[in-house]
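*Asks:* please find the sequence and the predicted model below.
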Amino acid sequence: MTVAGGVSGDVTGRRLVVLVSGNGSNLQALLDAGLPVVAVVSNRPGAFALERAAAAGVPAEVVTLRPFLDSGRTRRDFDAHLAEVVAAHRPDYVILAGWMLLLSSAFLDRFPDRVVNLHPALPGAFPGAHAMADALAAYREGRITETGIMVHLVPDEGVDNGPVLATVTVPIEPDDTLDSLAERMHAQEHVLLVDTVRRLLAEPVVASG
Ligand code: GRF
């Protein structure tokens, strides 16, 4: 094993590819923090995240699922293609920041220990696309008093349940609406994601050889 680079806190030469599907406020937080985003990939052509990438001068690509399925190809075919697109940018980490498609091993096996997901719930709590609404419903039923956010690795096809890198709890208030809770959650997401990715990038690069 050799250690290449790896000055603590130095992100020079490190490379992030960020996968997005929508607004891209978490992408914006990474960009605003000066983290080394070298490419953005969206599965939705109209994602506002693409405008954020353009404004920051970061190359962006759109890779949509529908043409694959319409031409008789599979989800795994799509994931393998997506992996090619992402791998071309030689990422140290692939950041799923509001990426709303599940990824199969056809993608994940290309980037072992290198895919990082942001999920708006605490570990094991509310997997899936409606985590905030599920948490608010659980609060109103008296089952929880707070929710939270996690950043975790995505080693396999499990949904929102890989090894946890960081968490933060977020209180739910009695008069919360989904919008007010989401606003509080997003503010915390931006901080947690930036801090966690910065920490990952500051770790020494371990290369074989
Ligand atoms: C975030 O709440 C993230 O946790 C979830 O999707 C949302 C994306 O927000 N997976 P944005 O596109 O980064 O604004």
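*Replies:* It's in.

*Asks:* list the contacts of the residue nearest to the spatial centre of the chain.
*Replies:* In the chain, the C-alpha closest to the average C-alpha coordinate belongs to Leu96, at a distance of 2.1 Å (Cα atoms, centre = their mean). The contact partners of Leu96, by Cβ atoms under 8 Å, 6 or more residues apart in numbering, come to 19, 103, 115-118, 154. In short, each C-beta sits where N, CA and C put it, glycine included.

*Asks:* and the helices in this structure?
*Replies:* Secondary structure of the chain (DSSP state H): helices at 25-32, 48-56, 66-70, 75-87, 105-108, 131-140, 178-202.

*Asks:* name the residues of the protein found near the ligand, please.
*Replies:* 22-26, 97-98, 118-120, 189 (Cβ under 6 Å from any ligand atom).

*Asks:* among the contacts of Leu96, which one has the most neighbours?
*Replies:* Counting by other Cβ atoms under 10 Å, Leu19 has the largest number of neighbours within the contacts of Leu96, with 27 neighbours.

*Asks:* for that residue, name its beta-bridge partners.
*Replies:* With DSSP bridges as the criterion, Leu19 is bridged to Val41, Leu96.

*Asks:* where does the prediction get shaky in this protein?
*Replies:* Scanning the chain for pLDDT under 70 picks out the ranges 1-9, 204-209.

*Asks:* from what I can see Ser104 touches Arg75, true?
*Replies:* Yes. Using Cβ atoms under 8 Å, Ser104 makes contact with Arg75 at a distance of 6.2 Å.

*Asks:* shouldn't Asp92 be in contact with Val17?
*Replies:* No. Asp92 lies out of contact with Val17 (Cβ under 8 Å); the separation is 9.0 Å.

*Asks:* tell me the spacing between the nearest residue to Leu122 once chain neighbours are set aside and the ligand.
*Replies:* Nearest residue to Leu122, sequence neighbours excluded (Cβ to Cβ, 6 or more residues apart in numbering): Gly148, at 4.0 Å. Distance of Gly148 to the ligand, computed by Cβ to the nearest ligand atom, to the nearest Å: 11 Å.

*Asks:* for Gly148, what are its contacts?
*Replies:* By Cβ under 8 Å, 6+ apart, the residues touching Gly148 are 121-122, 125, 167-170.
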